[in-house]
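Trainee: Could you look at this predicted model? Sequence included:
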Amino acid sequence: MKFDRLHKQNSPLLICNIWDVTCAKLAEKLGFNAIGTSSAAIATMLGYEDGEQMSFPELIYIVKRIKENTKLPLTVDIESGYGDNYEDVANNIKALASLGIVGINIEDSSVNNKRVLQNSNEFTKKLSNIKQILARNDVEVFINVRTDTFLLGVDNAVEETIKRIKLYESAGADGVFVPCIEKSNDISRVIDCTSLPINVLCMPNLSDFKTLKSLGVKRISMGNFIFDNLANHLKNTLHSILETQSFKPIF
């Protein structure tokens, strides 16, 4: 089944967000339909802060190792694109597509000391140019645009999100990711403004999958929360080993 069709099913596509080959293999064994990299998890694993602090070749290496060890559709989080201009970003996407990835996440914020939203019109132009370059080169990838309106807590977040979604839809986005949106009413308003599949993120107050399905959500992501959860579990296990002076906590 083509990746875009997974966003048109009755039930939302649950993406298993991963950071290494072990995760990818587990996701495949457990029956997930698709996997996606978590940029934050990979960055932390490699000793970087999130926000394109690792190099693109390092990301390529991780993606290549994952792709060679699973048959699941793989979508890659490229943050702001790892490029100073739309040509560079398009070339990065082409490089990933050559490895067999089926989609990318690209965000409308950037990090320079702190994360800030990009100008919506400028980002729309950038997105449109990227799509045109990919089309000319017969590169087919699902472009999931992440808008960070809720993540950054902007004023009138719903209205700003709707404005940006309409712009990104006109530029050729295939889907829209709205991390940190939680309220069902907000989700409904966003979904009602577009024909594009809407992607939400694991959050403490997010409704269960059945409710999200009823709202019309088409994709659900885990982000880096699974990675953080496992890291905390590891910390507790290691602490128990030190406390008990034995390996019983492992078994």
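Mentor: Alright, I've got the coordinates.

Trainee: Setting aside sequence neighbours, what's the nearest residue to Phe56?
Mentor: Leaving aside its chain neighbours, Phe56 sits nearest to Tyr82 (4.2 Å; criterion: CB to CB, 6 or more residues apart in numbering). Where you see a C-beta, it was placed from the backbone N, CA and C, and this is true even at glycine.

Trainee: burial measure for the one you found, as a count.
Mentor: 20 (other CB atoms under 10 Å).

Trainee: Surely it is in contact with Ile93?
Mentor: No - distance between Tyr82 and Ile93: 9.7 Å, which falls outside the contact criterion (CB atoms under 8 Å).

Trainee: joint contacts of those two?
Mentor: Common contacts of Tyr82 and Ile93 (CB atoms under 8 Å, 6 or more residues apart in numbering): none found.

Trainee: buried set for stretch 103-111?
Mentor: Neighbour-count burial for stretch 103-111, with 16 or more other CB atoms under 10 Å as criterion, is recorded at Gly103, Ile104, Asn105, Ile106, Glu107, Asp108, Ser109, Ser110.

Trainee: Okay, and the beta partners of the last one?
Mentor: Put plainly, it is Ser110. Listed by DSSP bridges, the beta-bridge partners for Ser110 are Val116.

Trainee: now what about the host helix or strand of Thr22, what contacts it?
Mentor: Assigned by DSSP states H and E, Thr22 belongs to helix 21-30. Helix 21-30 is contacted from outside by Cys16, Ile18, Ile35, Arg65, Ile66, Asn69, Thr70, Lys71, Leu72, Leu74, using CB under 8 Å, 6+ apart.

Trainee: Most neighbours out of those, which is it?
Mentor: Counting by other CB under 10 Å, top hit in these: Ile18 with 27 neighbours.

Trainee: give the contact list for that residue.
Mentor: Ala24, Ala27, Ile35, Gly36, Thr37, Ser38, Ala41, Ile66.

Trainee: and it, how far is that from Asn91?
Mentor: 25 Å (CB to CB, to the nearest Å).

Trainee: Strands of the stretch 151-251 of the chain, start to end?
Mentor: Using DSSP state E, counting those that start in this stretch, the strands of the stretch 151-251 of the chain run over 175-177, 198-201, 219-221.

Trainee: Columns distance to Lys210 on top of the ones you listed, output as a markdown table?
Mentor: Converted to a markdown table, these look like this (distance: least, CB to CB, whole Å):
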| stretch | distance to Lys210 |
| --- | --- |
| strand 175-177 | 21 |
| strand 198-201 | 14 |
| strand 219-221 | 12 |
